[in-house]
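Trainee: Fold the following for me, if possible:
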Amino acid sequence: MQSKQQRLLVEEPSADEELALAEFWRSRLQLHAFEIAWLVLLAAVHLSLGAVTYMLVEKWTLGSSIYFSIVTLATVGYGDLAPTLPGTKVFTIVYILIAVFFVLGHITGLLESFQQTQEKLLGMKEELESLRRERRRTQYGTGHGPATPPPLNEPVSAWRFYIVNLGLWTAVMVTWLCASAAFFCAAEGPKLGYLDALFFAVITLTTVGYGASEISTPAAHGWCSAFILISLILVTAATANFSAMRTRRNWELHRYVVASQKSNATMLDAALLRKLEVYAGEDKDIDRLTFLTAMLAHLEIAPRTDIQLLMEYFEVLDKDGSGTLSLRELKEEHQRVSRSTQQLQLA
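Mentor: Residues are numbered from 1 along each chain as shown. As a prediction, the model looks like this:
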């Protein structure tokens, strides 16, 4: 029987491994906070510059200037307001290009950054789990737990996965649109029916626009400005959430495909056989390393070039040419890299 302390040693990752995961998560949170702050600042400066320009040159009111700047930034384009002077038309051209390529481009970059964080977190958690299994095997022998992952259940169907996981965000967006339509009705007055207000909210949120002119009062313009900004935040958050779910879904499917090969070798098709023949050469058996290299490249987990570079790095570390790396060799390399880094920092 294992003592409680032994079980904890087996089941829990080391402090260094947990610290690395926590440090990564902290650093990514700081990065995302900086990206969001920079995006908010960029959008605020862009909107302020537009509002001030249209107010001073076109002689629009502050509310109309802000409204037009936000509608332009969001690429909705109702057409109810438009610059009339040559100077403001040229300014609007530049304003639109900056909005599309810089402001909205930063939103796309933020979503990609969220997705990279999700992928990296999944990989680090999987690595911790793998180290935990390997520690169990090396410390207590194969009889005290499997060295390989437990069997995975087949992932649920795509429609069920997304319906379950997107249910909350769908409810939030539907509630937001319905409530916003009511606010448009209240701001515009009796002449705007609820169906028309809901239609206007949807084409605004989706940036379709259609040249709509359902609203005309200053109160409705003010609410439309707030609605666009809040909707932009909600859509960005929903898109980031969907991107994270898709990453997790693809990761689960990939894990299941790889894990199911022990009982259902579906990957061993003609294309893979040809690759294995090339990797091994004529009339040669395929060893474990060759098989692993071929599979990593075949499954697009790692490019063939990266694998070759890592093999070359192994040969650099293997100073005695034994074909294996000792802890002494690894520690010497670590010390050498640490010294080089310190020298560069001091230089």
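Trainee: Need the contact partners of the helix or strand hosting Thr88.
Mentor: Under the criterion of DSSP states H and E, Thr88 resides in helix 86-98. Here helix 86-98 makes contact (CB atoms under 8 Å, 6 or more residues apart in numbering) with His46, Leu49, Gly50, Thr53, Tyr54, Val57, Glu58, Ser69, Thr72, Thr75, Pro83. Placement of C-beta: from N, CA and C, glycine included.
Trainee: What residues sit buried inside it?
Mentor: Thr88, Phe91, Thr92, Tyr95, Ile98 (16 or more other CB atoms under 10 Å).
Trainee: how about it as CSV, C-alpha atoms only?
Mentor: Output of helix 86-98 as CSV, limited to C-alpha atoms (Å, rounded to 0.1, in the frame of the first residue of the first chain):
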residue,chain,number,x,y,z
PRO,A,86,-13.9,68.4,-50.1
GLY,A,87,-11.6,68.6,-47.0
THR,A,88,-13.8,66.3,-44.8
LYS,A,89,-14.3,63.9,-47.7
VAL,A,90,-10.5,63.5,-48.0
PHE,A,91,-10.3,63.2,-44.2
THR,A,92,-13.1,60.5,-44.2
ILE,A,93,-11.2,58.5,-46.8
VAL,A,94,-8.1,58.4,-44.5
TYR,A,95,-10.4,57.9,-41.4
ILE,A,96,-12.0,54.8,-43.0
LEU,A,97,-8.7,53.3,-44.0
ILE,A,98,-7.3,53.7,-40.5
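Trainee: avg pLDDT for that helix?
Mentor: Across helix 86-98, pLDDT averages out at 91.
Trainee: Can you pull the poorly scored residue ranges out of the protein?
Mentor: 1-18, 21, 123, 126-153, 212, 261-267, 281-283, 347 (pLDDT under 70).
Trainee: domains of it?
Mentor: If you go by automatic domain parsing, the domain ranges for the chain are 1-150, 151-266, 270-346.
Trainee: which residue ranges form the helices in the stretch 51-200 of the chain?
Mentor: 62-73, 86-98, 104-140, 158-188, 194-205 (DSSP state H, counting those that start in this stretch).
Trainee: looking at those helices, which is buried most?
Mentor: Scoring these by mean neighbour count under mean count of other CB atoms under 10 Å gives helix 62-73 as the most buried, with a mean of 21.
Trainee: In contact with the residue sitting nearest the centre point of the chain: list those residues for me.
Mentor: The centre of the chain sits closest to Gln115, judged by CA atoms, centre = their mean, with a distance of 1.1 Å. By CB under 8 Å, 6+ apart, Gln115 lies in contact with Ala240, Ser243, Ala244, Thr247.
Trainee: which of these count as buried?
Mentor: Using 16+ other CB under 10 Å as the threshold, Ala240, Ser243, Ala244, Thr247 are the buried ones among the contacts of Gln115.
Trainee: What separation do you get for the residue lying closest to the first one once chain neighbours are set aside and Leu31?
Mentor: Translated: Ala240. Using CB to CB, 6 or more residues apart in numbering and skipping the chain neighbours, the partner closest in space to Ala240 is Phe114 (4.4 Å). Separation of Phe114 from Leu31 (CB to CB, to the nearest Å): 10 Å.
Trainee: Ala37: which of the helices of the stretch 51-200 of the chain is closest?
Mentor: helix 104-140 (11.0 Å; CB to CB).
Trainee: Can you report how many residues lie near Leu49?
Mentor: Leu49 sits with 14 neighbouring residues when counted by other CB atoms under 10 Å.
Trainee: how close does it sit to Ile233?
Mentor: According to CB to CB, Leu49 and Ile233 sit 21 Å apart.
Trainee: just Thr204 next, same as before
Mentor: For Thr204, the distance to Ile233 - CB to CB - is 14 Å.
Trainee: same question, Cys224
Mentor: Distance from Cys224 to Ile233, by CB to CB: 15 Å.
Trainee: quick one, what contacts the nearest residue to Glu188 once chain neighbours are set aside?
Mentor: Distances taken as CB to CB, 6+ apart place Ala220 nearest to Glu188, at 4.4 Å, with adjacent residues excluded. Taking CB under 8 Å, 6+ apart, we find Ala220 in contact with Phe184, Ala187, Glu188, Leu192.
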